Every structure is written in structure tokens, then in C-alpha cells.
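>>> Need coordinates for the following:
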Amino acid sequence: MVSRGAIAQVYENFKLIKSDKSAISVASCSSLVLFATEEESLYMVDIANPNQPQVVGVLRTRGVALAIAAQESFAYIGTDDGVLQIISIADPANPQPVGLCELPDWGYSLTVREGYACIAAGEFGLAIIDISNPQKPEMVSHLPTPNWAVGVTLAGNYAYLTDADWLMLDVIDISSPEYPQEAGWYDYEMETT
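All right, here's what the predicted structure looks like:
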């Protein structure tokens, strides 16, 4: 696990190194921090020495990377161009695109686990992508949500989605990824009014 301090140091050093563009999303994997900027670039930063992070690779992304997750030797990117990109980061100095899956909306947030990517896909709701073959990712299911899905996390057999329009949390049972089911929801406004 990469500490918040190490990631903050990467951002600080990045400001000095390279860009006047804002960092949009960030993920970590082993001794790498990956982050994307609004200039449609993905940066691989070696943080073996957190006090001196080094940019070791850069890749142009298809659209702005709104969400990044990393696992093993792959990065998963949800973009404002409506795609899930899979990037091999086995050689951080030479990241390579290996797979692409069209999404019905922007990939606002994503998380990966056990061969699947769960994506908060705006008005489309939750999209579940089979990533077991990184060269041929495939959408296996989706579940519309009542609101604009912009955030997702997983715990156990459940996906938890936040939305942009209302203060709601949708709870989705994903124990069978091909058949996600709404399990419940929490409405913050109802609790506080």
C-alpha cells in the first residue's frame, strides 16, 4: 500500500517537473503511482524512494482518464470518451495499450476485483466488465440506477454507487456479475430532513 504522503509528494514533484495541467485521477500498484492529467496523459511514477519520485513512463490516453485502478501488471482507465482502456504496465517505462471496451457513458469511477471491473457509468448506472482476458474485455452486464452514478467501491459481494444529482448511495448485489441486483439504498436527504 502506498502512503498518502508518498502520493502527495508525487503530486508536488510533478508540479515542479512537467505540467501546468491538473491531475485528474490516481492509483498505485507496487512501487508505482499512476496518475492522469486533463491533457489526456497517463504518467508512471516510480516511488521506490518516496522523497524522490521519478516519472519513468508516459502514455497518451484515449480521452481524459477520469478513473484509474491498477492490479498486478495492468492499469484500467475509465475515460470521458466512453471507454475502458486496459494498459500493460509490466514495463513502466514503456506502457502499452492491450485492450479496449466501449462504455455507454463516461467511466467516472472504477474498481477491479477477481477478473471484473465495476464502473460507475453516469446515467447508465453500474457497468460490469469481464477483464479476465485483458486483450478482449467484454461488458457482461449493467444495472441502471435511479441517479447519475459517479462513484463506486466494492465490499464483499456488493457494489456501492454514489450519484451526482442526489445524496444517495445505491447498494448492488454483484455476487453473480452477470445478474447484478439492487439490494438497497440510502438517502442522506431523507435522514437529515
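
>>> Any idea how many residues pack against the closest residue to residue 62 other than its chain neighbours?
Spatial nearest neighbour of residue 62, excluding adjacent residues (CB to CB, 6 or more residues apart in numbering): residue 81 at 5.3 Å. Every C-beta, even on glycine, is put in place using the N, C-alpha and C of the backbone. Look at residue 81: counted by other CB atoms under 10 Å, it has 17 neighbours.

>>> where exactly do the helices run in the protein?
Ranges of helices in the chain, per DSSP state H, are 4-17, 188-192.

>>> Go through those helices and find the least confident stretch.
Mean pLDDT values for these show the minimum at helix 4-17, a mean of 52.

>>> Give me the distance between residue 34 and residue 183.
When CB to CB, to the nearest Å is applied, the distance between residue 34 and residue 183 equals 32 Å.

>>> just residue 108 next, same as before
According to CB to CB, residue 108 stands 21 Å off from residue 183.

>>> So for those two, which residue has more residues nearby?
Higher neighbour count among residue 108 and residue 183: residue 108, with 25 against 15, using other CB under 10 Å.

>>> Surely the more buried one and residue 124 touch.
No: with contact defined as CB atoms under 8 Å, residue 108 does not reach residue 124; the gap is 10.1 Å.

>>> which regions of this protein lie under the pLDDT threshold?
For the chain, the stretches with pLDDT under 70 are 1-21, 166, 188-193.

>>> mind checking how far the nearest residue to residue 170 once chain neighbours are set aside is from residue 25?
Of all residues beyond its chain neighbours, the one nearest residue 170 is residue 161 (4.3 Å), with distances taken as CB to CB, 6+ apart. Note on residue 161: its distance to residue 25, by CB to CB, is 17 Å.

>>> returning to what we had before: identify the residues contacting the residue nearest to residue 170.
Applying CB atoms under 8 Å, 6 or more residues apart in numbering, we find residue 161 in contact with 120, 125, 126, 145, 149, 151, 152, 169, 170, 172.

>>> what are the bridge partners for the fifth one, then?
The reference is to residue 149. Bridge pairing for residue 149 (DSSP bridges) gives the partners residue 122, residue 163.

>>> List the contacts of the closest residue to residue 125 other than its chain neighbours.
Distances taken as CB to CB, 6+ apart place residue 145 nearest to residue 125, at 3.8 Å, with adjacent residues excluded. Applying CB under 8 Å, 6+ apart, one finds that residue 145 lies in contact with 125, 126, 161, 163, 170, 172, 182.

>>> Dihedrals phi and psi, the first one?
Residue 125 has phi and psi values of phi 90, psi -130 when expressed as degrees, to the nearest 10.

>>> Distance of it relative to residue 104?
Using CB to CB, we find residue 125 at a distance of 9 Å from residue 104.

>>> the more surrounded of the two?
Taking neighbours as other CB under 10 Å, residue 125 and residue 104 compare with residue 125 leading, 24 against 13.

>>> wait, the more buried one sits on residue 142?
Yes: the pair residue 125 and residue 142 passes the contact test of CB under 8 Å, sitting 6.2 Å apart.
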